[in-house]
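Student: kindly generate the corresponding structure for this input.
(chains A and B)
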Amino acid sequence: MSTTESRPAGTPQPSESGGILLKLRGLSKSFGPVQALSDVDLDVSPGKVMALIGDNGAGKSSLIKTISGLWAPDQGEINWEGRSVQLHGPRDAEALGITTIYQDLALCDNLDIVQNMFLGHEPLRLGMLDEPTMETAARQTLKELSVTTVRSIRQPVGSLSGGQRQSVAVAKAVMSQAKLVIMDEPTAALGVAQTRMVLDLVKTLAGRGVAVLVISHNLNDIFEVADHIAVLYLGRLVVSRPASEFDRQSAVEYMTTGAAGRSEA
Amino acid sequence: MSDPVSTGTTPNPSESDPPAGGSAATVAPSAEDTPEGLSGAALAEVAPEILAGSLGEYFGAWSRRIRNGESGMLPVIAGLVIIVIFFQLERSAFLTSQNLVNLFVQASIFIVFGAAEIFVLLLSEIDLSIGYGAAVGAFVIAELIAPPVSLPWWLGILCGLAVMSLLGFVQGTLITRLGLPSFVVTLGGYLGFQGLLLEVANADKTAVGGVINIDPNSPIYKLVNNNMSVTLGWIILVVVVVVYAGATLARSRQRRAKGLTTPPTGVTLLGVGLVAVGGIVLMLICSTNRGLALTKVEGVPYVIPLVLIVLLAYTWLLGRTRLGRYIYAIGANPEAARRAGIKVNRIKTIGFVLASFTAGIAGLIYASTQGSMSVDINGGQYVLYAVAAAVVGGTSLFGGRGKIMNALLGGIVIAAVFNGLGLMGVSAAVEYIATAIVLIAAVTLDSLVRRRATAH
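Tutor: Numbering: from 1, shown residues only, chains lettered A, B, ... in the order given. Predicted coordinates:
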């Protein structure tokens, strides 16, 4: 494809991860005079952590809302597992296997971990809630995700720490067989040890073959977990490259100016 | 009666024991709280029946909770004890079996109204119409079983409850589809149903002066005014306790075998023990001859097991079905529920239908108590007593927290005050004011105690 200055520098190579899960091509979205997204191309691969960074107002949330089906793009194509798809709502995205974990986590504080994990799709036995099945499955999922700090799986979620709550939200996504998990600022407002818990979880998730798309402001966290970094600037995807090709300074420059300050290939 | 135990099966949502002890969110994190969450000590206080490994640990955690201010039901039970002592000193007739059975029957009405209100309170809504709504339902029942219609009693009841459900459905639909505040819509119901009540009363020519009598031979009359035989009562008690004990212990054993969370056996046995003791006390009170002169009156009025069955059925509904689970979820976080695919509007409407339906049962009990149904009923007062019973029993006004059994304790407290003041023959003014004081004292105490807990 012809490169113009609006093309992202270094479109990712599809072959390394063996099949791209989600391909966005030319995604645009505007609200009146405000161009939230401009001609965004993005590839997300299974088993890899893609970090989406950008300054406030760069379009990160807009992109997430489009991928999760909340908004329909004005232009452009969403390609899932090789087929072009139209998402008419969050249900469509979920049906495909896209789970979004928003900052508010969407957990019910008065319900316990098991109840939250199965909320909306509880298995029934003889017309009643099948508690043993749910509890066993929940326990299993948490173990697979190496979430070990929770004292009891029957604790109300309101009594958990921020990191544990994130773990529950992620476990919920995993149990619904999500293929792409989008996390919106997962470590915001978390302390050091809890951030550690969440970052480990992100890596575990990718290790299981799930594609993870993380929005974050925290470059430390990004550089720790991301395999791939994509930078948004004023609605445009200005660069998408393996994380190893970035350093902190270049990342910040891309975020704040839309281009690298020093000359780059 | 205090029930510090979950039933040995799945803990109900928000069941931090003792009930209404506040959700875990009100436990103040202490300095030793780890980043993994509340420290072990704080955690054990939050949910002793979940984390305690033995009966001893359970009591340790429980008493620590009390010392830290999370005393839950204790102030209310202590208050009830004080109220009982006070009234017994004022009128030694208070603790006679005759008066106590009277009290239980009065309490039945408050308990069922309370249960009705709890459904909507859990959803973070309120229903102000259940008082007059119940009156409409009861009037419909009374008119249908009386001549000229003369339906069989069970058909009359079904029709009355169907009418109630319809009223609840209409209110629920307005609230959910049009997004109107439940306070306003049910206030409209409160006013509108008063008119409806008068219309319904006028429709039947046998309802003279707005009063329709209930045939003393009708089972509806007998609900409150007739009693189960003493023998039958004891047999049922023994069967219930044995079945409950067997089922609970068996389930505990099954869960433990599968490696699921189970309260310690000691705690489960304690729960069974309390139920047994409560049942025995109830039977002893009711079995004592409370008749005057030569007429022997003894046995449990039929209404008491009816109320207990209703409470148990609803507890099952809220704890073991999807509907119940979703009610709690919506009360805590409607957005999370919506995102989980729950049909929030439908569940909320069902909540209002259940509230009105249950209010219909309360109306039925009321009519049975009076032996008639009159347009004179003070529907507004019953609504407030319903809310009071729910709140005193531990249901939160802000949604998501509470159990149907809260209505049992709350209803008994309200009825005790009502009954005691009645015995003392105080004026209506004093009665109202005293009940108000009890309500406010109960929630103030609970709130203060909880504030102290979060302050340190």
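Student: ok, and the closest non-adjacent residue to residue A:188?
Tutor: Leaving out its chain neighbours, the residue that sits closest to residue A:188 by CB to CB, 6 or more residues apart in numbering or on different chains is residue A:103, at 6.7 Å. In this view, the C-beta of every residue, glycine as well, is placed from N, C-alpha and C.
Student: again, but for residue A:153
Tutor: Going by CB to CB, 6+ apart, residue A:153 has residue A:113 as its nearest residue, at 5.0 Å.
Student: need phi/psi at that neighbour.
Tutor: phi -60, psi -50 (degrees, to the nearest 10).
Student: cool, the one 10 residues further on as well?
Tutor: Recorded main-chain torsions at residue A:123 are phi -80, psi 150, according to degrees, to the nearest 10.
Student: thinking again about what came up before, assign a three-state SS to the residue nearest to residue A:188, would you?
Tutor: coil (DSSP: H, G, I helix; E, B strand; the rest coil).
Student: wait, it touches residue A:187, no?
Tutor: No - if you go by CB atoms under 8 Å, residue A:103 and residue A:187 don't touch, sitting 10.6 Å apart.
Student: compare neighbour counts for these two and give me the winner.
Tutor: residue A:187 (26 against 13; other CB atoms under 10 Å in any protein chain shown).
Student: low pLDDT regions in chain B?
Tutor: B:1-51, B:65-72, B:442, B:445-446, B:448-456 (pLDDT under 70).
Student: what residues sit buried inside the lowest-mean-pLDDT helix or strand in chain A?
Tutor: Lowest on mean pLDDT, DSSP states H and E among the helices and strands of chain A sits helix A:90-96, with a mean of 87. Neighbour-count burial for helix A:90-96, counted by 16 or more other CB atoms under 10 Å in any protein chain shown, picks out A:90, A:93, A:94, A:96.
Student: now do the same contact list for the second one.
Tutor: With contacts defined as CB atoms under 8 Å, 6 or more residues apart in numbering or on different chains, residue A:93 is in contact with A:67, A:68, A:69, A:87, A:100.
Student: before we move on, the earlier item: how about CSV for the buried residues of helix A:90-96, with distance to residue B:429 added?
Tutor: Shown next, in CSV, are the buried residues of helix A:90-96 (distance: CB to CB, whole Å):
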residue, distance to residue B:429
A:90, 57
A:93, 62
A:94, 60
A:96, 67
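Student: out of those, which is nearest to chain B?
Tutor: Lowest distance from chain B to the buried residues of helix A:90-96 (CB to the nearest CB) belongs to residue A:90, with 7.1 Å.
Student: need the nearest residue in space to that closest one, chain neighbours excluded.
Tutor: Per CB to CB, 6+ apart, closest to residue A:90 is residue A:69, 4.7 Å.
Student: on that earlier part again, overlap of the contact sets of residue A:103 and residue A:187?
Tutor: By CB under 8 Å, 6+ apart, no residue touches both residue A:103 and residue A:187.
Student: okay, helices next: where are they in the stretch 1-150 of chain B?
Tutor: Remark: helices assigned in the stretch 1-150 of chain B by DSSP state H, counting those that start in this stretch are B:40-46, B:48-51, B:55-67, B:74-90, B:97-122, B:130-145.
Student: what about residue 116, how many neighbours?
Tutor: Using chain A here. Residue A:116: 30 neighbours (other CB under 10 Å).
Student: could you do chain B instead?
Tutor: Neighbours of residue B:116 using other CB under 10 Å come to 34.
Student: that one contacts residue B:128, correct?
Tutor: No - contact criterion CB under 8 Å: residue B:116 and residue B:128 do not qualify, at 11.7 Å.
Student: contacts only, for the residue nearest to residue A:188.
Tutor: Counted by CB under 8 Å, 6+ apart, residue A:103 has contacts A:184, A:185, A:188.
Student: do you know how far the last one is from chain B?
Tutor: What that stands for is residue A:188. 15 Å (CB to the nearest CB, to the nearest Å).
Student: likewise for the second one?
Tutor: The gap separating residue A:185 from chain B is 17 Å, by CB to the nearest CB.
Student: what does the first one give?
Tutor: From residue A:184 over to chain B the distance is 13 Å, taken as CB to the nearest CB.
Student: centre-most residue in the chain?
Tutor: Here I'm looking at chain A. residue A:182 (1.8 Å; CA atoms, centre = their mean).
Student: actually chain B
Tutor: With distances taken as CA atoms, centre = their mean, residue B:407 lies nearest the centre of chain B, 2.1 Å away.
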